[in-house]
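Novice: Below are the sequence and a predicted model for it; my questions follow.
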Amino acid sequence: MFGFLKKTAADAPPAAAEKVAPAKLTWAERLKAGLARTRAALNTPLGELFARGKIDAELLEELESTLLMADCGIDATEWLLTELRAKVKKESIESPAALRAALIELLTRLLTPLEQPLDLNHPSQNQRPYIIMLAGVNGAGKTTSIGKLAKRFQQEGHGVLLAAGDTFRAAAREQLTEWGRRNDVTVIAQPSPPPDNLASLGSPPKGAKNSRGGPSSFSGDPAAVIFDAISAARARGIDVMIADTAGRLPTQLNLMEEIAKVRRVIQKAEPTGPHEVLLVLDANIGQNAIAQVKAFDKAIKVTGLIVTKLDGTAKGGVLAAIARQCPKPVRFIGVGEGIDDLQPFRAREFVEALFG
Ligand SMILES: Nc1nc2c(ncn2[C@@H]2O[C@H](COP(=O)(O)OP(=O)(O)OP(=O)(O)O)[C@@H](O)[C@H]2O)c(=O)[nH]1
Ligand SMILES: [Mg+2]
């Protein structure tokens, strides 16, 4: 079924999504392997803590710093400890092993509200074309996630169309187009810019047309590309349209305004859309994730998150921080570059992998 995975990956990010996942490992095993570093941060000190004879103030203090080190953030750490203390009292917990079980339960309780998978077969998610836009800072994993999502949706039986909305870098458009060609997914992109000698004249070559049949501006307007893609998706009876966008920092106000415009244009083309606005977060950014969620939410009303690179130097506790400070559905998590390494977020599985 995954014959396409065998293709040689080029250096382009979408192609990187095709790297072969380690064979024979189940998703749970890959999740566990992917979260190894977080587990090391949480578990090594915790393993030592929970192996102690009794629960005392010192143990709870060390637990606090361990949770902070795992990037849970002050808010979630305080919540977890307050709840834990109350539980210890109420349930007369005496052994550190029982404390560990209580912490696992609390963390699962904290994260469970974030478990809201994207299910295009669900009656609440059956608009067609289902329009998904992705946003995030540079290198967060947007384009590779799109490749993985496109494969997933195709395997679920949905027709997929991609919009190369990263018009900032010509290479980005080519990467997505090439990925689409190899995987038989239509990609709508703006026409190539004119050669330098024509571009320097300040106007497109005579007679050039953009994909809407109008004069080509070569302005690199992501909203126009995505607008075209929605029309194409409609005309072709496509189920799901996924729009890529260029990476941007929340502090780049002009670029934040640009992406807000992309959202408005989508809504103009399809008043019920966009149906999903996914913010892609690199788990390595730690507490900065909170600021990113807030800033992107303000600009484009984020409806869900993809948290990538939990296999890196990530501290998976960032999900606990998100749950407390800016809760948003975590639609998918990424624990590697393989095409199967992006999976729906399941709270219990995640916590078990952290402590397992
Ligand atoms: N280890 C690991 N690498 C990942 C994961 N997700 C994405 N990557 C890698 O992160 C790098 C950047 O990914 P891209 O998809 O190009 O990121 P982007 O957000 O599109 O980047 P820009 O378009 O430059 O803003 C690539 O090398 C990906 O293979 C993940 O879950 N784990
Ligand atoms: Mg990209």
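Specialist: All right, it came through fine. Ligands and ions are numbered 1, 2, ... in the order given.

Novice: Need the three-state assignment for the closest residue in space to T177 that isn't next to it in sequence.
Specialist: Sequence neighbours aside, V187 is the residue nearest to T177 in space, at 4.8 Å (criterion: C-beta to C-beta, 6 or more residues apart in numbering). In this view, the C-beta of every residue, glycine as well, is placed from N, C-alpha and C. Here V187 is recorded as strand under DSSP: H, G, I helix; E, B strand; the rest coil.

Novice: count of neighbours near the closest residue to T245 other than its chain neighbours?
Specialist: Sequence neighbours aside, G165 is the residue nearest to T245 in space, at 4.6 Å (criterion: C-beta to C-beta, 6+ apart). For G165, the tally of surrounding residues (other C-beta atoms under 10 Å) stands at 32.

Novice: Quickly list the domain ranges of the chain.
Specialist: As recorded under automatic domain parsing, the domains making up the chain are 33-114, 123-347.

Novice: winner for burial among those?
Specialist: For the domains of the chain, the largest average neighbour count (mean count of other C-beta atoms under 10 Å) is found in domain 123-347, namely a mean of 19.

Novice: Between the two ends of that domain, how far is it?
Specialist: With C-alpha to C-alpha, to the nearest Å as the measure, domain 123-347 spans 23 Å from end to end.

Novice: Let me see the mean pLDDT of that domain.
Specialist: The average of the pLDDT scores along domain 123-347 is 88.

Novice: The residue nearest to T245 and I242 touch, don't they?
Specialist: No: between G165 and I242 there is no contact under C-beta atoms under 8 Å: 9.5 Å.

Novice: Can you tell me the element M256 falls in?
Specialist: Taking DSSP states H and E as the definition, M256 sits inside helix 253-269.

Novice: by contact count, what packs against that helix?
Specialist: Counting contacts by 3 or more C-beta pairs under 8 Å, 6 or more residues apart in numbering; DSSP states H and E, helix 253-269 packs against strand 130-136, helix 222-235, helix 288-300.

Novice: That one vs helix 288-300, what angle?
Specialist: Interaxial angle, helix 253-269 versus helix 288-300 (axes from the mean of the first three to the mean of the last three C-alpha atoms, to 10 degrees): 50 degrees.

Novice: Looking from ligand 1, tell me which residue of the stretch 251-356 of the chain is nearest.
Specialist: G334 (2.7 Å; C-beta to the nearest ligand atom).

Novice: now swap in the stretch 101-250 of the chain and tell me
Specialist: For the stretch 101-250 of the chain, C-beta to the nearest ligand atom, closest residue to ligand 1: G247, 2.3 Å.

Novice: for the residue nearest to that residue when sequence neighbours are not counted, what are its contacts?
Specialist: Nearest non-adjacent residue to G247, counting by C-beta to C-beta, 6+ apart: N138, 3.2 Å away. With contact set as C-beta atoms under 8 Å, 6 or more residues apart in numbering, N138 has these partners: 247-249.

Novice: Phi first, then psi, for the most centrally placed residue in the chain.
Specialist: With distances taken as C-alpha atoms, centre = their mean, I306 lies nearest the centre of the chain, 1.9 Å away. Dihedral pair for I306: phi -120, psi 120, per degrees, to the nearest 10.

Novice: Looks like it contacts D282 (just checking).
Specialist: No: with contact defined as C-beta under 8 Å, I306 does not reach D282; the gap is 10.0 Å.

Novice: so who does the residue of the stretch 251-356 of the chain closest to ligand 1 touch?
Specialist: Residues counted as contacts of G334 (C-beta under 8 Å, 6+ apart) are 141, 145, 148, 306-311, 341-342.

Novice: what about the residue of the chain found nearest ligand 2, which helix or strand?
Specialist: For the chain, the residue closest to ligand 2 is T143, as judged by C-beta to the ion, at 3.2 Å. Remark: T143 resides in helix 142-155, with elements defined by DSSP H and E.
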